[in-house]
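In: Sequence first, predicted model second:
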Amino acid sequence: MLMNNLLKLTIACGCSLTTLLCGCSVNTSTASNTTPAKDLPDSLVDNESATEQSDKSTYQINPKGTTIATRYTNLDPRYERRATDDYGNWLLNRSLHPIDYNTHYYNGVEKANKCQIGVLNYDLIGKDLQQCADACIRLRAEYLWEKKMYDKIHFKNTPGFDIRYRKWADGYRVHFDKNWKASWSKDAQPDYSYKNFRKYLSFVFTYCGTLSLSKELRKIKLSEVQPGDMLVYGNSPGHAVTIMDVLHEKSGQKIKLMFSQSYMPAQEIEILANRYDNNSPWFELEKVDDPDLPIDTPEWPFYGKHVMRWTDL
């Protein structure tokens, strides 16, 4: 009966079932003043015909760069990248699609609101599943799986049931009773393959979202931010982005952050462009001790109080 009511509500509202269960975001912004990332000023692109940079440029793009670290270079002498942990270094080395590639939805349609400056070279998991919170989960899970830290791969659904990868890989599956109470049952043979890992993520994406993510993570101060942290507004609708890179002001407290996101409907993970700073891949922030500091990303407004971190970091 509950599932039937949810399906009826889904049809009436035009939202996905995942949105209703998990609190994922709904695209209500057209961002009509956003410049397409592939239309960046020539002075910001490092190529054979444009090697000199404008005095006002704060960054440089190497179109031959295949990762975040090799494609985007900070030119602002006031800022530096400080040492980070292994997860932060891993994020900086994520592979990117070619420079002129635009974000695509799960159905292959190119995203109309071109607010990206790059797109991570990851395919999508599940049909219309990999949305905002799922992209945050995907990056963290991919890192841990690659490092074989299987016990750290676990995510809670909104009621708090811990969906652990180790249990899944050992052949257990989650079942729900008529009251949606979850439990494990041994239904399959052990399988630690990447294919089975993707099936695990597909299940997680179905039952987790911004609301569950906001309950699972711990809040931190914006002044403590490091790569791998997230901005999470857990609600229905809600939104979440991953902080891919952090630059610190050498002689002050300002910071610059790089964000990645997915959205609704499910889309590829994109690096966001700062339309207020010549489409820079970094967003400059002041007053980092202010929890009410606005952090305006192209498709969602956050505040300093929305910075969160995985509990095992």
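Out: Received the coordinates, thanks. Numbering: from 1, shown residues only.

In: Tell me, please, the helix or strand in this protein that averages the lowest pLDDT.
Out: Using mean pLDDT, DSSP states H and E, the weakest-scoring helix or strand in the chain turns out to be helix 2-13, at a mean of 38.

In: distance of I117 from A266?
Out: 20 Å (C-beta to C-beta, to the nearest Å). In this view, the C-beta of every residue, glycine as well, is placed from N, C-alpha and C.

In: Which one's more surrounded, those two?
Out: Shown here are I117 and A266; by other C-beta atoms under 10 Å, I117 has more neighbours (27 against 24).

In: Neighbours of the residue nearest to N107 when sequence neighbours are not counted, how many?
Out: Closest residue to N107 apart from its sequence neighbours, by C-beta to C-beta, 6 or more residues apart in numbering: P265 at 7.6 Å. Number of residues near P265 (other C-beta under 10 Å) recorded here: 18.

In: Would you mind giving both backbone torsions of P265?
Out: Per-residue torsions, P265: phi -60, psi 170 (degrees, to the nearest 10).

In: Please tell me the pLDDT value assigned to it.
Out: pLDDT for P265: 95.

In: thinking it is in contact with D128, fair?
Out: Yes: P265 is within contact range of D128, at 5.3 Å (criterion: C-beta atoms under 8 Å).

In: so how far is A169 from the residue nearest to N107?
Out: According to C-beta to C-beta, P265 and A169 sit 29 Å apart.

In: just Y143 next, same as before
Out: 17 Å.

In: cool, M230 as well?
Out: M230 is 25 Å from A169, where distance means C-beta to C-beta.

In: Compare those two (neighbour count), which wins?
Out: Higher neighbour count among M230 and A169: M230, with 27 against 19, using other C-beta under 10 Å.

In: Can you name the residues bridging to the closest residue to I220 other than its chain neighbours?
Out: Distances taken as C-beta to C-beta, 6+ apart place R309 nearest to I220, at 5.0 Å, with adjacent residues excluded. Beta-bridge pairing of R309 under DSSP bridges involves R218.

In: Now do the helices in the stretch 1-150 of the chain.
Out: In the stretch 1-150 of the chain, the helices defined using DSSP state H, counting those that start in this stretch lie at 2-13, 17-22, 68-71, 86-92, 132-146.
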